[in-house]
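*Asks:* I'd like to go over a predicted model; first the sequence, then the structure.
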Amino acid sequence: MLATTENINYDEIVKKSNYKFNLPIEELINNSKATQREKRNKKQVIPRPPNAYMIYRRNKAESPDIKSSGQSSSSKSILIADMWKNETDKNKQLFFILSMLAEKNCPKDLKYVQKKPSNTSKSSKTSSNFILSKL
């Protein structure tokens, strides 16, 4: 996986960083196969690549401190969001680079397609649901 843009080798930047990741890089930048959404995804819709914060949250959620805290998922999310706000710009930049790598791993022949709202679901009327589909 050699991703280069404008003579910048993002893989090398990530490998040379001192940041301690709790999961392997490949696992962080690829979408999870164990989520509820993935399990009920019968149409094999390819999800969007994760953004910098989602990669950060996934990494922090696997840290021993957070994992063994016994808190609810929503409490963990609030804690991790506060950690993200207080993170250094250098560390945030690292996660933005990881999100660029995740985007480069995404198939190129995808486009965003808005789901058609159903008449029975209130949430589909109030939120914009996007999926990726093959062209």
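*Replies:* Arrived safely, thanks for sending. From a predicted model like this one, the values you see are computed outputs, not experimental measurements. Numbering: from 1, shown residues only.
*Asks:* contacts and neighbour counts: CA atoms only from here.
*Replies:* OK.
*Asks:* Could you verify that residue 31 is part of a strand?
*Replies:* No: counting by DSSP: H, G, I helix; E, B strand; the rest coil, residue 31 falls outside a strand, being coil.
*Asks:* Count residues in the vicinity of it, would you?
*Replies:* 18 (other Cα atoms under 10 Å).
*Asks:* Residue 47 is in contact with that one, correct?
*Replies:* Yes: counting by Cα atoms under 8 Å, residue 31 touches residue 47, with 7.5 Å between them.
*Asks:* Make sure residue 99 is actually in contact with residue 48.
*Replies:* No: the criterion here is Cα under 8 Å, and residue 99 misses it with residue 48 at 10.8 Å.
*Asks:* pLDDT weak spots in this structure?
*Replies:* 1-8, 32-46, 107-115, 118-135 (pLDDT under 70).
*Asks:* any chance you could map the helices in it?
*Replies:* Using DSSP state H, the helices of the chain run over residues 10-16, 25-29, 36-39, 52-61, 64-67, 73-86, 89-105, 122-126.
*Asks:* Perfect, that will be all.
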